[in-house]
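J.: Task: produce atomic coordinates for the following.
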Amino acid sequence: MHKSLRKYFPVFLVPALAALAVSFLVPFVMGMYLSFTEFKTVNDSVWVGIENYIRIFTTDKTFLNSLWLTVKFTVVSVITINVIAFSVALLLTRGLKGTNFFRTVFFMPNLIGGIVLGHIWSLIINGVLGYFGVDITYKSEYGFWGLVILMNWQLIGYMMIIYIAGIQNIPDELNEAAAIDGASPAQTLFRITIPMVMPSVTICGFLTLTNSFKLFDQNLALNGKSADTSLLALDIYKTFYDHTGLKLPQWHGTGQAKAVLFFLLVAAIAFIQLRATRQKEIEH
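T.: Prediction:
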């Protein structure tokens with residue numbers, strides 16, 4: 001068995017490594033290089049050093065506005081999605097009738113594509129706001145909360161499934177011992193349930209954090225016409241293809257520099273979140 005594995009291991013490994021290199025490693029390295037150039041296509045790039053990064057914080061003011069909006073959106077979405085998903089998971093692990101039906105219903109929005117979701121909620125929200133003469137596309141405050149509602153509707157069911165798996169893995173003996181000792185429902189929740197589902201909290205926190213920070217297609221479909229409600233991913237897209245109606249080489253390089261900063265931000269925040277929640281797992 002081991003001889004066969006060693007013999008055929010490269011046969012299965014090499015195609016996977018080649019696909020990884022072609023689809024990720026090579027474009028990533030090229031993207032890093034292009035962020036220091038001006039270019040229209042990959043073959044006509046001109047080295048400009050850190051000019052693109054300087055332009056992000058001087059000439060182009062949209063990056064910082066989009067960053068602040070993205071941070072606010074991510075904080076609100078991560079908190080609301082995880083609190084509601086965990087609450088629903090608690091209800092659906094109580095042995096209530098129709099539990100499987102409700103699990104399916106809550107999970108179904110996650111199967112719908114982002115562009116479709118954006119258009120659906122654009123119609124719904126504009127249908128409601130239309131009575132007040134408001135269009136979500138051109139009102140940043142409505143656009144922000146519209147994105148929060150959309151994100152919650154899409155991800156709550158997915159996170160709920162993960163929390164249900166974590167809750168069901170809690171040994172019955174712990175809850176029985178707590179009941180015998182006279183622990184209240186609140187004490188059981190905060191002393192047993194939450195500490196025991198910290199691995200699920202780590203996974204759900206990571207997924208909601210990264211998905212919220214990287215949100216693009218829903219933002220584009222729901223309120224992409226408004227510059228005041230462009231999150232970072234959409235702002236990078238607009239820098240490439242719609243910057244004041246011009247497609248100049250310097251803005252292509254600036255867009256690529258924004259993409260590099262975006263990657264570094266998401267990687268750093270996700271790493272900090274994983275480290276923090278895993279530390280809680282160890283403590284508990």
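
J.: Can you list the buried residues in the longest helix along the chain?
T.: For the chain, the helix that runs over the most residues, judged by DSSP state H, is helix 249-283. Neighbour-count burial for helix 249-283, counted by 16 or more other Cβ atoms under 10 Å, picks out 249-262, 266, 270, 273, 277. For glycine as for every other residue, the C-beta is placed from the backbone atoms N, C-alpha and C.

J.: Can you tell me the centre-most residue of this structure?
T.: residue 211 (0.8 Å; Cα atoms, centre = their mean).

J.: was I right about that residue contacting residue 155?
T.: Yes - between residue 211 and residue 155 a contact is recorded at 6.6 Å, counting by Cβ atoms under 8 Å.

J.: Can you check which residues contact both of those two?
T.: Counting by Cβ atoms under 8 Å, 6 or more residues apart in numbering, residue 211 and residue 155 have no contacts in common.

J.: mean confidence for the strand or helix carrying residue 202?
T.: Assessed by DSSP states H and E, residue 202 sits inside helix 198-213. Regarding helix 198-213, the rounded mean pLDDT is 91.

J.: Following element in sequence after that helix, please.
T.: Next along from helix 198-213, by DSSP H and E: helix 217-223.

J.: need the next SSE after that next one, C-terminal direction.
T.: Going down the chain from helix 217-223, the next helix or strand is helix 232-241, by DSSP H and E.

J.: Show me where the stretch 1-150 of the chain has its strands.
T.: All strands of the stretch 1-150 of the chain, identified by DSSP state E, counting those that start in this stretch, fall at 37-38, 46-47.

J.: wait, which of those strands is closest to residue 191?
T.: strand 37-38 (56.3 Å; Cβ to Cβ).

J.: That closest one packs against which elements?
T.: Judged by 3 or more Cβ pairs under 8 Å, 6 or more residues apart in numbering; DSSP states H and E, the packing partners of strand 37-38 are strand 46-47, helix 51-57, helix 249-283.

J.: so can I have TSV of the ones you listed showing distance to residue 238 and mean pLDDT?
T.: What follows is the helices and strands packed on strand 37-38, written out as TSV (distance: least, Cβ to Cβ, whole Å; pLDDT from 0 to 100):
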stretch	distance to residue 238	mean pLDDT
strand 46-47	23	88
helix 51-57	13	88
helix 249-283	8	82
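
J.: so where's this structure shaky on pLDDT?
T.: The model of the chain has pLDDT under 70 over residues 1-2, 130, 132-140, 227, 242-250, 281-284.

J.: same thing but at 50, please
T.: For the chain, the stretches with pLDDT under 50 are 244-246.

J.: count of neighbours near the closest residue to residue 48 other than its chain neighbours?
T.: Using Cβ to Cβ, 6 or more residues apart in numbering and skipping residues adjacent in sequence, the residue nearest residue 48 is residue 38, 5.3 Å away. By other Cβ atoms under 10 Å, 20 other residues sit near residue 38.

J.: ok, now residue 81?
T.: 27.

J.: same thing with the one 10 residues further on?
T.: Using other Cβ under 10 Å, residue 91 has 11 neighbouring residues.

J.: Next, work out how far apart it and residue 195 are.
T.: Remark: distance between residue 91 and residue 195 (Cβ to Cβ, to the nearest Å) = 20 Å.

J.: picking that back up, TSV please, covering the helices and strands packed on strand 37-38 and showing distance to residue 236.
T.: Formatted as TSV, the helices and strands packed on strand 37-38 follow (distance: least, Cβ to Cβ, whole Å):
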stretch	distance to residue 236
strand 46-47	21
helix 51-57	10
helix 249-283	5
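
J.: Quick one: closest of the ones you listed to residue 102.
T.: Among the helices and strands packed on strand 37-38, the nearest to residue 102 by Cβ to Cβ is helix 249-283 (27.2 Å).

J.: residue contacts, residue 104?
T.: Shown in contact with residue 104 (Cβ under 8 Å, 6+ apart): no residues.

J.: rerun at 10 Å
T.: Residues in contact with residue 104, defined by Cβ atoms under 10 Å, 6 or more residues apart in numbering, are residue 157.

J.: roughly how far apart are it and residue 90?
T.: Taken as Cβ to Cβ, the span from residue 104 to residue 90 is 18 Å.

J.: now residue 267
T.: 32 Å.

J.: repeat for residue 180
T.: Distance from residue 180 to residue 90, by Cβ to Cβ: 21 Å.
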